[in-house]
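Student: Fold the stuff below for me.
(one chain, ligands or ions: 1)
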Amino acid sequence: MRRRCGKAGNEPVWQAANRLRRSALPPHLIGWLLDDSSLTRWLKQACNGRFAVRVLRQGWTVPMSCETAALKLPLRRRAMVREVLLLCDDVPWVFARTVIPKRTLGGPGGRLAFLGNRPLGELLFRDPRVRRGRLEVSRVTPALLGVESTQAPVWGRRSIFRLSERPLLVSEYFIGELPPWPGERSR
Ligand SMILES: C=C(O[C@@H]1C=C(C(=O)O)C=C[C@H]1O)C(=O)O
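Tutor: The predicted structure follows:
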């Protein structure tokens, strides 16, 4: 499951969302990229059909170097990595990759190891001990993520959640043709 960040030059280059000009982002994805509440909740609202989480892999491996750096882990330190597709009527809308250090699983985050096909967000956003860090945005080629998708670059976002100060890194890539973000209607 080892994913490379890629050679220099094709590694995801993450930029702080709050420092990006909105004009640099695709208009139809702005809400999806920048809202910091639960993505699962919005996907369920936007999907008029059946929302589902398909777990592709969940296991112990050495994360990508850019993930290790974001979590301030020692080089080559293994972590639990969870890769899922978030689907609407079996159509993949989002590819999500979560990196959970061993120390985070040793605390209240132990349940993260047994999520199965329950959405991670349902656990994170109902726990008052959880804090979300800043959102970063990137544009990557799907092949870098190891997902069969279009070859066209896709937009993604990532942030660090802290559960009782213990971090996990959640990256979400919008690989499908998403409808307008439902949050616009509730503004
Ligand atoms: C963090 C959230 O959980 C979502 C579900 C995930 C999973 O089940 O692995 C991973 C990332 C998110 O897209 C969210 O809903 O915002």
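
Student: State the distance from the closest residue to the ligand within the chain to Leu33.
Tutor: Here the chain gets closest to the ligand at one residue, Gly121, 2.1 Å apart by C-beta to the nearest ligand atom. Where C-beta positions appear, they are placed from N, C-alpha and C, glycine not excepted. Relative to Leu33, Gly121 is positioned 16 Å away (criterion: C-beta to C-beta, to the nearest Å).

Student: neighbours around the residue of the chain closest to the ligand, how many?
Tutor: Gly121 has 22 neighbours, counted by other C-beta atoms under 10 Å.

Student: do the same with the one 3 residues further on
Tutor: By the criterion of other C-beta under 10 Å, Leu124 has 21 neighbours.

Student: and it, what is it in contact with?
Tutor: Applying C-beta atoms under 8 Å, 6 or more residues apart in numbering to Leu124 gives the contacts Ser38, Val130, Arg132, Phe161, Leu163.

Student: Now name the helix or strand holding the spatially closest residue to Leu20 that is not a sequence neighbour.
Tutor: With C-beta to C-beta, 6 or more residues apart in numbering as the criterion, Leu20 has its nearest non-adjacent residue at 6.0 Å, and that residue is Val137. Element membership for Val137 (DSSP states H and E) is strand 136-140.

Student: mean confidence for the next helix or strand after that strand?
Tutor: Toward the C-terminal end, the helix or strand that comes next after strand 136-140 (DSSP H and E) is helix 142-145. The average pLDDT for helix 142-145 rounds to 80.

Student: same for helix 142-145, what does it pack against?
Tutor: Here helix 142-145 touches strand 91-101, going by 3 or more C-beta pairs under 8 Å, 6 or more residues apart in numbering; DSSP states H and E.
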